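**Student:** Have a look at this prediction, sequence included:
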Amino acid sequence: MKTLLAALALTTALTAPGIALARDVAFTTTLNEYGGNGAYLAYYVTDAGGAYVGSLWMAGPKAKYYESLTDWYRATGGNTAEVNGITGASVGSGKTLTVSFDLADALFDAGYELHIDASVEDMRNSPSEIVVPLTTDGAGQLVTGRTYISQFSYDM
Amino acid sequence: MPTLPRLLLATLAVTTLSASAQAQSPVTGQPLGDQAAVAPCATTSASAPADGDAWKRSGTHGHGERHGHRERDVHDHGWFFGRFWDDDHDDEDDDDDDYRRGGAGPARAGTTPPPTNGLFNSDTAPRVQTN
């Protein structure tokens, strides 16, 4: 019995920190009916000082259009390695994109901000259309965009 | 008659007979020109696919049929130029072009782990849904 309890305590001690370090987070972005081609969206994180930390998602596969995601492009130099393995299709007018991640817990309540740059072919660019602090209190709150994004929220 | 002109005459006669024999169909003996004009093309009439996707199943398709969605570009340059001239591709947008050229676009989600930027907790690819 003692052996069993010891084993249980050990496995709990080993797995609990791992659970605490991870958060399953879903980003939900709904676009306006802007009437153009699919929108390119760059999701990336900046720290409390505004410095680029890393990218979370790139909606849009063609690197030649990344220059239109001006804030993201300025921060990364358009380096496609920043979005390797986290790139998908562009998002159509009026559509809702939901992306779910297994994110590091340290991202929340630590001054980090999520940015979303948006651009559409033959239409004007919209850098940092969404800028929202990553906090536990901010989960579930709707944020309104100014050009292509009707609303955005994150849940966890 | 001297020997040399005789030899030339004989060569000319043999060449003429040989050319005449080659112009005959090996089956009917009719000139090839007449036969070619009436011969039906079985592969493009009787067994032609009835729907647009049938070429995928038949496994027989040629230049111009690889990209069925671009009908305006479908034409043949012949057996010689077709080997070197592929104008099926233009500079229009095509999500696959960057990948054909190799390395121009980033790896899609699920094909490689997310970048090691400290934001992701695991190598699991993000899950995406569009409505």
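**Tutor:** Okay, I see it. Residues are numbered from 1 along each chain as shown, chains lettered A, B, ... in the order given.
**Student:** right, and A:D117 touches A:T70 too?
**Tutor:** Yes. Contact status for A:D117 versus A:T70: in contact at 6.7 Å, counting by C-beta atoms under 8 Å. Just so you know, the C-beta spots here come from the backbone N, C-alpha and C atoms, and that holds for glycine as well.
**Student:** Have a look at those two and say which one is more surrounded.
**Tutor:** Looking at A:D117 and A:T70 with other C-beta atoms under 10 Å in any protein chain shown, you find the greater number of neighbours at A:D117, namely 25 against 16.
**Student:** How about the contacts made by the more buried one?
**Tutor:** A:41-42, A:44, A:69-72, A:125-129 (C-beta atoms under 8 Å, 6 or more residues apart in numbering or on different chains).
**Student:** so which two of those are the farthest from each other?
**Tutor:** Greatest spacing in the contacts of A:D117, by C-beta to C-beta: A:Y44 and A:N125 (15.2 Å).
**Student:** more neighbours, those two?
**Tutor:** A:Y44 (26 against 18).
**Student:** Quick check: that one is in a strand.
**Tutor:** Yes. A:Y44 forms part of a strand when assessed by DSSP: H, G, I helix; E, B strand; the rest coil.
**Student:** measure it to A:P127 for me?
**Tutor:** A:Y44 is 11 Å from A:P127, where distance means C-beta to C-beta, to the nearest Å.
**Student:** any shared contact partners between the two?
**Tutor:** Common neighbours of A:Y44 and A:P127 (C-beta under 8 Å, 6+ apart) are A:72, A:117.
**Student:** in what helix or strand does the nearest residue to A:T70 once chain neighbours are set aside lie?
**Tutor:** Sequence neighbours aside, A:P127 is the residue nearest to A:T70 in space, at 4.4 Å (criterion: C-beta to C-beta, 6 or more residues apart in numbering or on different chains). Using DSSP states H and E, the element containing A:P127 is strand A:126-133.
**Student:** neighbouring strands for that strand, and are they parallel or not?
**Tutor:** strand A:113-119 (antiparallel) (DSSP bridges).
**Student:** Quick check: mean pLDDT of the partner strand?
**Tutor:** Taken as a whole, strand A:113-119 has a mean pLDDT of 98.
**Student:** what does chain B have sitting close to chain A?
**Tutor:** Counting by C-beta under 8 Å from any C-beta of the partner chain, chain B comes close to chain A at B:93, B:95, B:97-99, B:104-115, B:117-122, B:124-131.
**Student:** Please convert the buried members of the residues you listed into ChimeraX selection syntax.
**Tutor:** In ChimeraX syntax, the buried subset of the residues of chain B next to chain A is picked out as below (16 or more other C-beta atoms under 10 Å in any protein chain shown):
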select /B:97,98,105,106,107,108,109,113,114,115,117,119,120,121,125,126,128,130
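**Student:** Mark which of the residues of chain B next to chain A are part of strands, please.
**Tutor:** B:127-130 (DSSP state E).
**Student:** pLDDT wise, what is the residue of chain B found nearest chain A at?
**Tutor:** Across chain B, no residue is closer to chain A than B:N117, which sits at 3.0 Å (C-beta to the nearest C-beta). Per-residue pLDDT puts B:N117 at 95.
**Student:** what's the nearest residue to it if we skip its chain neighbours?
**Tutor:** Leaving aside its sequence neighbours, B:N117 sits nearest to A:G54 (C-beta to C-beta, 6+ apart; 3.0 Å).
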